[in-house]
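Peer 1: task: produce atomic coordinates for the following.
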Amino acid sequence: MKVFKFGGASISNIERFRNTSRIIGRTSGEKLLVVISAMGKTTNALEDVATQYFSGNIEKAKELFEKIKTEHVNILNSLVEEDALAGITRLKDIFTEVEWLITEKPVRHFDYYYDQIVCCGELLSSIILSYYLESQKIKNYWIDARDIIRTDNNFREASVNWNFTGNSIKESVLPLFNNTNILITQGFIGCTDENESTTLGREGSDYSAAIFANQLSAESLTIWKDVESVMNADPRRFPDAVKLKSLSYSEVIEMAFYGAQVIHPKTIKPLQNKNIPLLVKSFIDPSLPGSVISEKYQGSLPPIIVIKEKQVLIRFGSKDFSFIEDNPIVQLHEIFKQVHMKPNLTQNAAISMLCCFDDRPDKTDQLTAESAKIFEVNIERELTLLTIRHYNEKTIAELTKGREIVLEQKTPHTIQLLIK
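Peer 2: Here you go, the predicted structure:
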């Protein structure tokens with residue numbers, strides 16, 4: 001049995017839905033669980049709906065959501081000539097979840113509404129794919145991942161209840177393979193004990209696929225992307241980026257930890273625990289070999305470059321010149337947890353602590369306000385975090401030419417530079 005995960009780019013238009021169907025169809029006779037992301041830029045569009053709604057612009061939120069509804073209905077109608085009405089009825093069930101929510105003024109925090117609204121993207125795209133596969137005589141069964149993936153109520157960054165989820169997969173998902181070879185479900189989403197939708201973090205569909213692969217003891221997990229393989233740098237920034245045919249689990253965990261977008265950071269552990277290989281392949285040309293991520297040591301690697309824009313550097317300083325240690329550090333990390341911000345880089349001095357974060361203005365402002373009660377707080381925005389694994393002096397010089405280095409951390413294998 002195998003697990004496939006298709007990202008939003010692989011189903012961003014009608015022809016790509018057809019292409020995804022062809023890839024799935026080639027697995028005839030094999031047991032296959034397919035994890036689907038939201039279509040194209042749907043997640044971004046739904047984020048706009050959530051933002052407008054929470055800001056009090058309910059009519060604007062409804063207007064934006066109407067466009068999303070129309071797009072999905074049109075794609076389903078274009079793909080499914082027969083039985084389209086049944087598929088549209090299923091889509092309307094999901095539409096109603098959001099429409100019911102955004103008719104009332106918000107009374108809870110933004111992250112809760114974000115998850116209730118944004119989670120519908122994966123549900124809509126997976127319904128469309130399921131009905132299209134049926135129209136192509138590819139029998140399948142659609143599963144709502146919220147019935148399977150149980151989480152806590154840490155909205156937007158929910159943690160998985162592995163015991164409940166594992167039992168659900170074994171008791172509710174595995175038996176379905178007795179009646180069909182192909183199961184269709186969603187990535188990124190889960191549900192609390194109170195039946196409230198949650199999400200697992202941005203780009204969390206990879207993680208969802210790894211959860212299913214782990215609990216099903218899959219032969220492999222394949223992530224289908226719009227690149228030929230994992231590369232040592234973003235090819236859109238670096239035209240001479242090098243393909244990496246094989247990587248170890250540990251190397252990919254390091255890459256993901258530092259912000260490489262190719263794999264969600266939490267994806268590897270469930271696979272490594274059961275030695276399930278992860279394949280990264282191109283949905284544009286499935287014949288290409290792609291990359292294999294496994295326990296095997298891959299030998300020497302070229303410099304691996306990760307760039308994160310829109311970074312903010314915050315200096316937390318002692319108000320009375322006492323050392324920053326023990327209790328103040330504990331207090332600071334408790335604030336990080338409360339506002340759901342994780343530092344990408346930290347550096348301690350005697351009476352201060354420097355932390356670099358992704359600059360999410362609402363969260364950043366909340367963090368600075370809370371920490372200012374305890375520390376002297378200084379903030380610098382519009383920075384870039386450059387991380388180079390397996391660095392050399394030539395690469396460092398090329399990537400920092402003409403830039404000011406604000407902060408540097410260096411180990412034998414990795415250098416991180418905060419630059420402006």
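
Peer 1: in stretch 341-359, what counts as buried?
Peer 2: Buried positions in stretch 341-359, judged by neighbour count with 16 or more other CB atoms under 10 Å: 341, 343-347, 351-359. For every residue, glycine as well, the C-beta is placed using N, CA and C.

Peer 1: scratch that, stretch 244-256 is what I was asking about
Peer 2: Residues L244, S246, L247, S248, Y249, E251, V252, I253, E254, M255, A256 are the ones in stretch 244-256 that count as buried (16+ other CB under 10 Å).

Peer 1: next one: stretch 155-164
Peer 2: When neighbours are counted by 16+ other CB under 10 Å, the buried residues of stretch 155-164 are found to be F155, R156, E157, A158, V160, N161.

Peer 1: the first one touches D115, doesn't it?
Peer 2: Yes. With contact defined as CB atoms under 8 Å, F155 reaches D115; the gap is 4.6 Å.

Peer 1: tell me which element the most centrally placed residue in the chain falls in.
Peer 2: Against the mean C-alpha coordinate of the chain, by CA atoms, centre = their mean, the closest residue is E203 at 1.2 Å. Per DSSP states H and E, E203 falls between elements, in no helix or strand.

Peer 1: keeping just the C-alphas, turn the host helix or strand of I94 into PDB.
Peer 2: With secondary structure defined by DSSP H and E, I94 is part of helix 84-101. The C-alpha atoms that make up helix 84-101 are tabulated as PDB, following Å, rounded to 0.1, in the frame of the first residue of the first chain:
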ATOM      1  CA  ALA A  84     -22.100  16.700 -11.600                       C
ATOM      2  CA  LEU A  85     -25.200  17.600  -9.600                       C
ATOM      3  CA  ALA A  86     -24.300  15.000  -6.900                       C
ATOM      4  CA  GLY A  87     -20.900  16.500  -6.700                       C
ATOM      5  CA  ILE A  88     -22.200  20.100  -6.500                       C
ATOM      6  CA  THR A  89     -24.500  19.000  -3.700                       C
ATOM      7  CA  ARG A  90     -21.500  17.700  -1.700                       C
ATOM      8  CA  LEU A  91     -19.700  21.000  -2.400                       C
ATOM      9  CA  LYS A  92     -22.700  23.000  -1.100                       C
ATOM     10  CA  ASP A  93     -22.500  21.100   2.100                       C
ATOM     11  CA  ILE A  94     -19.000  22.500   2.700                       C
ATOM     12  CA  PHE A  95     -20.100  26.000   1.500                       C
ATOM     13  CA  THR A  96     -22.800  26.000   4.100                       C
ATOM     14  CA  GLU A  97     -20.300  25.400   6.900                       C
ATOM     15  CA  VAL A  98     -18.600  28.600   6.100                       C
ATOM     16  CA  GLU A  99     -21.700  30.600   5.200                       C
ATOM     17  CA  TRP A 100     -23.300  29.700   8.400                       C
ATOM     18  CA  LEU A 101     -20.200  30.900  10.300                       C
END
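
Peer 1: how much distance is there from it to the middle of the chain?
Peer 2: Computed by CA atoms, centre = their mean, to the nearest Å, the separation of helix 84-101 from the middle of its chain amounts to 25 Å.

Peer 1: what comes up buried for it?
Peer 2: Buried residues in helix 84-101, defined by neighbour count with 16+ other CB under 10 Å: A84, G87, I88, R90, L91, I94, F95, V98, L101.

Peer 1: give me the distance between the closest residue to L101 other than its chain neighbours and N57.
Peer 2: When the adjacent residues along the chain are set aside, L101 lies closest to Q116, with 5.5 Å between them (CB to CB, 6 or more residues apart in numbering). When CB to CB, to the nearest Å is applied, the distance between Q116 and N57 equals 17 Å.

Peer 1: what do you get for E99?
Peer 2: Using CB to CB, we find E99 at a distance of 16 Å from N57.

Peer 1: which strands and helices lie in contact with the helix holding I94?
Peer 2: With contacts taken as 3 or more CB pairs under 8 Å, 6 or more residues apart in numbering; DSSP states H and E, helix 84-101 sits against helix 58-79, helix 110-118, helix 120-135.

Peer 1: hang on, K274 in a helix?
Peer 2: No. With DSSP: H, G, I helix; E, B strand; the rest coil as the criterion, K274 is coil rather than part of a helix.

Peer 1: if we can go back for a sec, okay, Q116 and N57: which has more neighbours?
Peer 2: Here Q116 and N57 are set side by side on neighbour count (other CB atoms under 10 Å), and the busier one is Q116, at 21 against 14.

Peer 1: pop the domain breakdown of the chain in here.
Peer 2: Following automatic domain parsing, the chain resolves into domains at 2-226, 304-419.

Peer 1: check the secondary structure at I293 for me.
Peer 2: Of the three states, I293 takes strand under three-state DSSP.

Peer 1: is it true that it touches Q272?
Peer 2: No. Using CB under 8 Å, I293 and Q272 do not qualify as a contacting pair, with a distance of 9.3 Å.

Peer 1: and the helix or strand hosting V406, what does it pack onto?
Peer 2: With secondary structure defined by DSSP H and E, V406 is part of strand 405-410. With contacts defined as 3+ CB pairs under 8 Å, 6+ apart, the packing partners of strand 405-410 are strand 345-348, strand 414-419.

Peer 1: contacts only, for the closest residue in space to V73 that isn't next to it in sequence.
Peer 2: The shortest distance from V73 to any residue that is not its chain neighbour, by CB to CB, 6+ apart, is 5.9 Å, and that residue is I88. Taking CB atoms under 8 Å, 6 or more residues apart in numbering as the definition of contact, the neighbours of I88 are V73, L76, N77.

Peer 1: try D93
Peer 2: When the contact criterion is CB under 8 Å, 6+ apart, D93 has no partners at all.

Peer 1: and the gap between it and I268?
Peer 2: With the distance defined as CB to CB, D93 ends up 35 Å from I268.

Peer 1: cool, and I182?
Peer 2: With the distance defined as CB to CB, I182 ends up 26 Å from I268.

Peer 1: please say which of the two ends up with more neighbours.
Peer 2: Applying other CB under 10 Å to I182 and I268 shows that I268 carries more neighbours, namely 26 against 22.

Peer 1: which non-adjacent residue is nearest Y114?
Peer 2: Distances taken as CB to CB, 6+ apart place A50 nearest to Y114, at 4.8 Å, with adjacent residues excluded.
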